[in-house]
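Engineer: Dropping a prediction and its sequence here:
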Amino acid sequence: LLVSSMVGKDRIIFATKEDHETPSSAELVADDPDDPYEEQGLILPNGDINWNCPCLGGMASGPCGEQFKSAFSCFHYSTEEIKGSDCVDQFRAMQECMQKYPDLYPQEDENDEKSTKDLEAASLEASAAKEEKESS
């Protein structure tokens with residue numbers, strides 16, 4: 001039993017046993033990776049970041065969008081041994097921007113804040129160790 005809507009009126013269509021036994025003629029078409037209207041994931045087929053991905057929750061277009069893009073791009077393209085350890089400045093700028101808009105970017109609770117600080121500390125230590133290693 002199928003029901004479809006037509007200008008405020010419902011139309012009832014009965015499917016017969018024969019209708020169900022007939023193989024479907026529907027064709028599955030592969031997604032076109034170059035279709036600009038096709039929803040893509042976070043990373044496009046060419047390796048670029050898809051800033052329109054709903055998975056980013058609008059972070060790329062908010063008041064701190066440029067800082068977010070800078071930090072995320074740095075991390076995505078980072079080739080450091082500790083990925084992103086060269087992006088501390090960009091993430092700090094993003095965090096400073098977000099603190100100006102607490103309604104849009106609620107601050108994490110203490111446990112999350114501690115893990116963020118631990119991550120920053122680890123990145124700073126990695127950067128310092130790298131500089132020390134390069135200077136010797």
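Structural biologist: Arrived safely, thanks for sending.
Engineer: Poorly predicted segments of this structure, please.
Structural biologist: 1-15, 19-20, 24-39, 108-136 (pLDDT under 70).
Engineer: hey, where'd the helices end up in it?
Structural biologist: 17-21, 65-77, 88-99, 110-135 (DSSP state H).
Engineer: Now N50. Its backbone dihedrals?
Structural biologist: According to degrees, to the nearest 10, the main-chain angles of N50 amount to phi -90, psi 90.
Engineer: Distance-wise, check it relative to L44.
Structural biologist: 5 Å (Cβ to Cβ, to the nearest Å). The C-beta positions use only the backbone N, C-alpha and C, and glycine is treated the same way.
Engineer: Same question for T22.
Structural biologist: Distance of T22 to L44, computed by Cβ to Cβ: 40 Å.
Engineer: between these two, which one's more packed in?
Structural biologist: L44 (15 against 8; other Cβ atoms under 10 Å).
Engineer: That one and N52 touch, don't they?
Structural biologist: No: using Cβ atoms under 8 Å, L44 is not in contact with N52; the gap is 9.9 Å.
Engineer: The closest residue to Q90 other than its chain neighbours: neighbouring residues, count only.
Structural biologist: Counting by Cβ to Cβ, 6 or more residues apart in numbering, Q90 lies nearest to A71, which is 3.9 Å off, once chain neighbours are set aside. For A71, the count of nearby residues is 23 (other Cβ under 10 Å).
Engineer: swap in the one 10 residues further on?
Structural biologist: Counted by other Cβ under 10 Å, the residues lying close to E81 total 9.
Engineer: And for Q40?
Structural biologist: 15.
Engineer: how close does it get to E66?
Structural biologist: 22 Å.
Engineer: try P54
Structural biologist: Counting by Cβ to Cβ - P54 and E66 are separated by 20 Å.
Engineer: Those two - which one has more neighbours?
Structural biologist: Neighbour tally, P54 and E66, criterion other Cβ under 10 Å: the higher count belongs to E66, 14 against 10.
Engineer: H76 is in contact with W51, isn't it?
Structural biologist: No: the criterion here is Cβ under 8 Å, and H76 misses it with W51 at 11.3 Å.
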